[in-house]
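**Student:** Here is my input, please return the structure:
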Amino acid sequence: MLNTHRLAGTVAVDGFQYDWELRREPLWREAEGWMGMAVALVRQGTQREAMLEFPPPRRLMKGLQRGRLQIGDAVVARGIRAALLAGWDPESRGKPVVFTVDADGN
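**Tutor:** Residues are numbered from 1 along each chain as shown. Below you'll find the model as predicted:
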């Protein structure tokens, strides 16, 4: 059985190993309203990070209670592919690059 409630892990995408970790859970901010979770990515052996920002869960926007986070390796792998297609170069240097993805990581 897959463990979908992990807060960090490693996933293989196109022959490379990527480490990921949850950096922010969904939260409410007065100025912005609901913000979704954020996941940090880094390819092993490189230093440039990418951040995937997910939309806030609909249940929070409707006023329902928080549920457990649902993030797994498949969602992270889709997010990595989307970030690479959008121009993330893990071997370059610089600040983390932020990408906004949908709930499925696309």
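
**Student:** Relative to the whole chain's centre, how far out is the helix or strand where Y18 lies?
**Tutor:** Element membership for Y18, per DSSP states H and E: strand 16-24. Centre-to-centre, strand 16-24 and its host chain are 7 Å apart (C-alpha atoms, centre = their mean, to the nearest Å).

**Student:** Show me what it is packed up against.
**Tutor:** strand 8-13, strand 38-43, helix 73-85 (3 or more C-beta pairs under 8 Å, 6 or more residues apart in numbering; DSSP states H and E). Just so you know, the C-beta spots here come from the backbone N, C-alpha and C atoms, and that holds for glycine as well.

**Student:** Centroid-nearest residue for the chain?
**Tutor:** Residue closest to the average C-alpha location in the chain (C-alpha atoms, centre = their mean): V39, at 3.1 Å.

**Student:** residue contacts, it?
**Tutor:** Contact partners of V39, counting by C-beta atoms under 8 Å, 6 or more residues apart in numbering, are W20, E21, L22, R23, M51, L52, F54, I71, V76, G79.

**Student:** Neighbours of the closest residue to R24 other than its chain neighbours, how many?
**Tutor:** Closest residue to R24 apart from its sequence neighbours, by C-beta to C-beta, 6 or more residues apart in numbering: A38 at 4.1 Å. Residues within reach of A38, counting by other C-beta atoms under 10 Å, total 18.
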